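>>> Next input, structure requested:
(one chain, ligands or ions: 1)
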Amino acid sequence: MIDLRSDTVTRPSQAMRKAIAEAAVGDDVYHDDPTVNELERTVADLLGKEDAVFVATGTMSNQIALRVHTEPGDTVIVHAAAHIRRHELGGAAHNSGVTLEPIDGPYGAFTAEQLTEAIPEPHPALPSHLFDPVTLVCLENTHNDAGGTIWDIGEMQRVLDAASSLGLKKHLDGARLWNATAATGIAPDVYASGFDTVNVCFSKGLGAPVGSALAGSREDIARARRFKQIFGGGFRQAGLLAAGALYGLEHHFERLAQDHANAYQFAVAIADSRGVTVDLDSVQTNIVYFATPHAGALVDACHEAGVAMLALGPTTVRAVFHLDVSAGEARRAAEHVQRFASA
Ligand SMILES: Cc1ncc(COP(=O)(O)O)c(C=O)c1O
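Residues are numbered from 1 along each chain as shown. Next up is the predicted model:
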């Protein structure tokens with residue numbers, strides 16, 4: 001099966017399994033796990049932050065960040081299609097008691113002006129406590145639901161500047177920040193600067209079996225460790241997992257560009273097919289979204305032929321490229337889509 005459902009479907013290679021098996025471990029709740037400590041130091045350095053905490057998932061990392069930066073009743077600005085809004089199952093309300101205020105915009109981004117307009121102006125005739133207390137803005141880079149799209153660094157800086165002048169905290173959901181770096185050459189710490197906290201994942205393009213990290217100031221990460229424990233995320237000999245993450249950072253970061261090339265080649269190939277529409281401008285990293293009149297039927301036919309993709313709506317299909325998909329397999333997958341879409 002050529003599995004294009006997600007970049008989370010990768011399985012650890014023999015070399016990664018060896019690194020995992022040989023990892024030095026200790027009790028992470030006591031900060032005794034040398035491999036977790038090494039991973040946290042490595043990630044903090046890569047992102048230019050004082051500290052980082054290793055957690056089980058990207059969702060947990062984002063949820064902890066929301067709790068670190070807000071109080072119940074606060075409002076948080078997110079993109080309308082943000083993972084935090086669409087795929088974390090109301091966790092923001094459940095875990096932190098906050099309201100999410102969406103801003104829409106193309107390719108998963110929005111402007112500084114939109115952010116400023118989203119903050120309610122206290123009306124002089126009304127007490128200010130009647131207006132939403134907006135305390136945090138979250139950006140997502142790359143943006144999953146927009147197709148793995150990358151924030152323009154200049155536009156991002158303008159949004160961050162506006163957020164600072166509005167007194168907001170800033171969190172980056174960088175589950176696939178590594179892909180943004182691989183595509184643009186802009187270092188992770190440059191993307192991360194200006195954010196109070198940054199979530200990164202090891203279980204996606206980097207191919208580790210489990211794990212994410214939240215990086216930020218010493219103070220914010222100390223608070224994050226408390227909420228990690230409260231959310232039931234304190235884990236013990238987690239060095240086994242951290243070893244996979246370290247292996248992925250060391251060995252699979254450089255090769256992400258290959259996934260991007262495969263995704264683009266696939267997108268270009270299917271763009272010529274009858275019954276398929278692809279916005280090639282959205283194919284900036286390893287994710288391809290395309291429209292087709294009968295997404296479910298096309299996905300079923302491709303599955304029969306050995307290509308797994310996700311139908312994410314009646315007319316929307318997603319294909320994601322990762323280290324377990326070769327250039328040849330990307331070509332073969334495109335041939336199947338071409339064949340069944342125009343049948
Ligand atoms: C942008 C983004 N943020 C967060 C997550 C959550 O990561 P996890 O599946 O590890 O909870 C994902 C997962 O795909 C994602 O795409």
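>>> Could you pull up the contacting residues of Ala81?
Ala81 makes contacts with Asp104, Gly108, His143, Asp145, Ala146, as judged by CB atoms under 8 Å, 6 or more residues apart in numbering. Quick note: C-beta positions are derived from backbone N, CA and C, even for glycine.
>>> is it true that it lies in a helix?
No: in this structure, Ala81 is coil, not part of a helix, as judged by DSSP: H, G, I helix; E, B strand; the rest coil.
>>> what about His171, distance to the ligand?
From His171 across to the ligand, the span is 11 Å (CB to the nearest ligand atom, to the nearest Å).
>>> what's around that residue, how many residues?
Neighbours of His171 under the rule other CB atoms under 10 Å: 29.
>>> Any chance of the backbone angles for the residue nearest to Lys204 when sequence neighbours are not counted?
Nearest non-adjacent residue to Lys204, counting by CB to CB, 6 or more residues apart in numbering: Asp7, 4.6 Å away. Phi and psi for Asp7, reported as degrees, to the nearest 10, are phi -80, psi 10.
>>> Asp7 is in contact with Ala319, isn't it?
No: look at Asp7 against Ala319 with CB atoms under 8 Å: they stay out of range, at 10.6 Å.
>>> Show me which of the contacts of Ala81 is closest to the ligand.
The ligand has its nearest neighbour among the contacts of Ala81 in His143, at 7.0 Å by CB to the nearest ligand atom.
>>> Quick one: residues contacting that closest one.
By CB under 8 Å, 6+ apart, the residues touching His143 are His79, Ala81, Ala82, Tyr107, Gly108, Ala109, Thr149, Ile150, Trp151.
>>> Equivalent analysis for Tyr247, please.
For Tyr247, the contact set (CB under 8 Å, 6+ apart) comprises Ala15, Met16, Ala19, Ile20, Ala208.
>>> Now do the contacts for the third one.
Looking back up the chat, that one is Ala19. For Ala19, the contact set (CB under 8 Å, 6+ apart) comprises Ala243, Gly244, Leu246, Tyr247.
>>> for the record, mean pLDDT for the helix or strand harbouring the second one?
Mapping Gly244 onto the secondary structure by DSSP states H and E places it in helix 239-251. pLDDT averaged over helix 239-251 equals 98, rounded to a whole number.
>>> Check stretch 157-166 too.
98.
>>> Quick check: phi and psi at the residue nearest to Ser6 when sequence neighbours are not counted.
With sequence-adjacent residues excluded and distances taken as CB to CB, 6+ apart, Ser6 is closest to Val320, at 5.1 Å. When read as degrees, to the nearest 10, the backbone of Val320 gives phi -120, psi 140.
>>> Done for today, thanks.
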